[in-house]
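Engineer: need coordinates for the following:
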Amino acid sequence: MTAGITTGGASTRASSASPFSLLSHPMLLAESTIDQVRQLDIVSIIARYVTLKSRGHKHEACCPFHNEKSPSFHVNATKGIFKCFGCGAAGDGIGFVMKLKKLDFIEAVKEIAGDHSLAIEYQQMSPEAAAVAEAEQRDREAVRIALTYAAAYFAGTRLPDRWAESRKLKQPVRDAFQLGYAENRRDGFYQDALRNGYSAEVLVKAGLVREKKQEGAESKFYDVFQDRVMFPIRDARGRVVAFTGRLVTEPAPDADYKPGKYVNSPDTVWVKGDHLYGLDRAADAIRKAGFAYLVEGNVDVVQFHQFPLEQTVAPCGTALTDNQVKLLKRHTERVVYIPDNDPAGLKAMHRNCQLMLAAGLRVETLLPEPGLDPDDMLKRKIQTPADLEAWQRKTRDYIRGPLLEECEKDASLGGHDKAAAIGRMGEVLELIDNDTLRQVYYGDVCEVWADFKKGYKLVKRGQDGLDMRALDALGDSRKDYFDFKFFERDGCFYTYKSKAEVRICNFTFSIQYFVLSQNEPKYVCHFTNCFGAQRTMAIITDDFVSVATFKKCVGRLGNFIFEGNDDDLNNIKIKYFDGVAEAVQPRTMLYNPTGDFTTFANGLLFQNQFFAADRYGIVKLERPVATLEELADLRSESHLDVDGKGHVLHSAERLAAKVPALEQLLEEGKVKHLAHYFLPFASTLKLTDDDDDNFENERRFRLPVKVPGISFEDWSALMQRAYGANNPILVTFYLASLFRDLIYKANGNYFPLLHLYGLRGSGKSKAAEALISCFGQFSEETAIRLAGGATATGIQRYMSTARNSLMMLDEYKNYLPMPTIELLKGIANGTGKLMGRATGGNETKSLRPLSSAVVCGQDLPTRDPALLSRSVVLEFSEEMKRQNDREAYDQLRGLQESGATVHVTREVLQYRTQMAAYRRREPDVTRRIREHCQTVLGIEDPEDRTVQNASTLLTTAEILSEAGLKFPFKLDVLFDKLMERVQEVIQIQHTSDDVEQYFMVLSSMIGRDIIEGRHFKLWKEDDGITKLFLRVRQVHPLYLQAAARQGIEPLSAATIRSYLTKSRFFLEDRTKGVRFAEEPNPTSAMVFNYDRMRDDGVELSTATNLATLEAEDDPSRRASNKQVAPADAGPAVHAWLDEQATDATLAVSAALRLYNQDKLPELAEPTFRQHLLSYAEGKHNHELEFSSDEQRFRLKMPF
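Structural biologist: Have a look, this model is predicted:
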């Protein structure tokens, strides 16, 4: 085979049927060309054939493969795939052109390359070899496409509930690893694949289908994977190469045929020992953590990623191989091995650890508790982050830990065993190639194990000496060599060793900046090799420590080769590290008190001037220095601009010696301190291997400088029209949030929550989005969904991302776990979580909330009175929404999408100096509010927090109004609105007292007037909650009599029902089907959480032994609210979808459960999916958009 031959893209396309017309010898399309085409933006490929409408990183259009009116064809630029939710067509850019133009794979690659002016490369070979190679290439790609289809197919089938529940794997991590299910059907996958155009031959080659040949009859085909949880195996680039299937239904002990627990794709499809499961997802985490966790099984990997310990990988159903170790070593020098803690697992641990040691890796171990594997350890023993940290602290060096312990234990058994143990330890130490490291380990073992020191001596190895020679011929490079022991020539660095000139590397480099970040300090370096190729890369300080890590870094750049040793690297660092400008990475987005600037994703706002980041992500701020004293206060490595010339300070005396007129220049304002800041999310260069998703949250805080802004006056006027009566509080809370740090301190470490509540579709979430869009771009990922599995740590990280911003916490429910309720209170109090830093020391960091929060949900926060008192509550309703101005709302939405509303924040931030008066002004405002409560509202002693909530907003509005900010409402209106909120909260608090008194009266009548089993019952249902079922209407006359006897002013029936419904104990109304032991017929009842009542000291006299109650649903739980579903459920599903809230993403399975709550018989998932698809294609109240994996959908609506 000869060297590759390149032809121009356009000319090659003109004769793309065959390369034979261009050259005398047949040629095969080069893999490099295929890779270039795969790396093209899929949007640019498809946009040549279809007009796409952009929606963030997703695009949509009417499908080119079937007729439709509403777009169901979606393109995901991030994932590089397309999917039609109407006809099911799916694939990558090459697959799209193949299907659309009816081309085979090679023809489609040429078509795309020609369209994008890519050079098409061929490999020249003989006609016979070309034919074979091209056939093999087509077969490989056909198999790859079939495997990709299979992964999507299996992922679209719901995992068996019993398996998912037993493994405790949540939906996000299942989606991330594309876990799926191969149904228990003989040829179900095969038949579906045939219908989608895949041939039996390709499916067999892909290891997905087996052929059973029958003499005298047609072959039959059946699925390789049946009744198995499917784990797609991907290569390091994320491409599916094989599958592992885990059996779900265990065979009976006496079954004739017992299938294997695990089945892998056949060896004809892939080489097991060449891949690591999870590496495609773990690579970035391994690089960040500086090490990898290596476990045994696929489930272990998925479980670890869920925690999230995302730097975890595993061998793919095989013993660890040399190739897998080499693959691992490309990503890290340190591995923590976590075995199954049983005899077989520990035996494998020693083999695998020694294999890694021989490859030069640093090997440590972390053992689960005896009898547990890594998956079981996390599920059973790790309940809290503290548990996880405690376990991780048990990580030990393999040689000093388990190996030494086992050898010493064996040595105690007798002479022969001791000799064997000493020899075993010696063999392991000899595996270490590095002389110094081997000697260190030898010394450590000898210090602990005296018998080993006596019985074993390390094998001696050769060592090269170094020598130097005269340098008369160096010329201008002579000083460099004597100062730093290396010199530059011909685009390379050289030194002298053993009387010979030796090249250190085939490149030179300079350091642009030293970036001082919290986690990974790094150098931004510019490299130029001897051939003129240039690269820019950010290298963390740890990668400059040793030659091995440095070689690995520069090796990623291409033809950049470092051949020197540690001394050479240290000499280079001594020269180039001196005087490098230090760039600090801001700790948070938005306000940074240290530098008094505001951080956006594309630059810094300083003294109302915006400084854009350069291509490195660096922003340079100039601060004037007026005196020698100010100069002396600066750090010695500070960079200065002195009359237009750059200097490194070192010291004021040294600078004065270099610049004789320094004092005069200081007086004239010609000396400036240059402060550099690094914004990694602003860099336009690929400086690191970080995925863009690492900074997804930061990038939303963007100030669109090229978009015309809107003033606060105009924006707040639009808000007034769009949100009517609620707007004064909405706008004022936004303003207070911009100065949260000042207000929080002045309030004694407190800032209230804004709680928006109301039914679905009432507009509360849109109002929250309107406020949050003043800080940057809003997307569905911007909000944290409290009822959607958000973790406490995740919420705390979210709240600490930015300072003086406004964060959205959606889907509040009163049944949220108490830790979540406590966390919400902690946001108001500014309390957070103390976490350790991954530095190897005792350093800690605190995840404290730095921004305010707007909480949205259908429930009032009555679960905990303390949470209610920390909330400014605003109700939203359909009636209020109808009264508001839709035109203003639409105009606001357009401004939000363009980013124009961020300029409102830029304008208001200028008033920070005036807001410093808050501490002085707030006590007077609080006094006025208290007086109004006492004299007008008749509230003698209003709760402190409730008053402070109102005072926070009113004080802010008064200060800013006096400073010149123009509001669309009078401050008297705001005052009245805030007093209504105060009154509502206090009324709810008093309601709680009345409810408790009501239950006390009822308790006094039990056994005399009120009969257990007739008027009430205590029952534990399958959700584990003990519930009070109360017939409120029947007990009301009895309540009135008892209240009269006890001298208590009774409440009316309507008032009682209203109060009970608002109570923190209330769960639901059961309108029919409730069974009472003393009643012959089922009836209705109100249902309360009796567990919570008891926790709050509200108990009823009962003959029921609560400790022995067994969980069983009352028949009313299903029967009370069930409706008979029509035979054709399509219209019912469509009507149900029309009633749902918009802009919320739902899992199909979760949506089906919600729909089936009041339906008999329940609708099956396939039928439900059909109705979702028909809804998406028709015209309805909402637009329905599926996710790329078809497991979730989103309803969209303009208003």
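Engineer: shaky segments in the stretch 251-400 of the chain?
Structural biologist: 267-269, 317-318 (pLDDT under 70).
Engineer: and if we set it to 80?
Structural biologist: 253-260, 266-273, 316-319 (pLDDT under 80).
Engineer: and the residue lying closest to Arg424 once chain neighbours are set aside, what are its phi and psi?
Structural biologist: Leaving aside its sequence neighbours, Arg424 sits nearest to Cys407 (C-beta to C-beta, 6 or more residues apart in numbering; 6.0 Å). All C-beta spots, glycine's among them, are computed from the backbone N, C-alpha and C. The phi and psi torsions at Cys407 (degrees, to the nearest 10) take the values phi -60, psi -40.
Engineer: tell me, how many residues neighbour Cys407?
Structural biologist: Using other C-beta atoms under 10 Å, Cys407 has 25 other residues around it.
Engineer: so in this protein, which helix runs the longest?
Structural biologist: Among all segments of the chain classified by DSSP state H, the helix with the greatest residue count is helix 971-1005.
Engineer: if we can go back for a sec, how close does the residue nearest to Arg424 get to Leu320?
Structural biologist: 21 Å (C-beta to C-beta, to the nearest Å).
Engineer: go on, Gly1024?
Structural biologist: For Gly1024, the distance to Leu320 - C-beta to C-beta - is 43 Å.
Engineer: neighbour count for these two, which is higher?
Structural biologist: Leu320 (21 against 8).
Engineer: these two touch, right, the more buried one and Leu355?
Structural biologist: Yes. If you go by C-beta atoms under 8 Å, Leu320 and Leu355 touch, sitting 5.8 Å apart.
Engineer: how about Lys1062, what does it touch?
Structural biologist: By C-beta atoms under 8 Å, 6 or more residues apart in numbering, the contact set of Lys1062 is 860, 862, 988, 991.
Engineer: so who does the spatially closest residue to Gly180 that is not a sequence neighbour touch?
Structural biologist: Spatial nearest neighbour of Gly180, chain neighbours left out: Phe154 (2.9 Å); criterion: C-beta to C-beta, 6+ apart. Neighbouring residues of Phe154 by C-beta under 8 Å, 6+ apart: 178, 180-182, 189, 225, 230, 232, 243.
Engineer: and those, which two are furthest apart?
Structural biologist: Gln178 and Phe189 (15.3 Å; C-beta to C-beta).
Engineer: who has more neighbours out of those two?
Structural biologist: For the pair Gln178 and Phe189, the greater number of neighbours falls to Phe189 (24 against 17), based on other C-beta under 10 Å.
Engineer: which helix or strand lies directly C-terminal to the helix or strand where that one lies?
Structural biologist: According to DSSP states H and E, Phe189 maps onto helix 188-195. Remark: after helix 188-195, the chain's next helix or strand is helix 200-205, criterion DSSP H and E.
Engineer: the helix or strand that that following helix is followed by - what's its average pLDDT?
Structural biologist: Next in sequence after helix 200-205, counting helices and strands by DSSP H and E, comes strand 209-214. Mean per-residue pLDDT for strand 209-214: 84.
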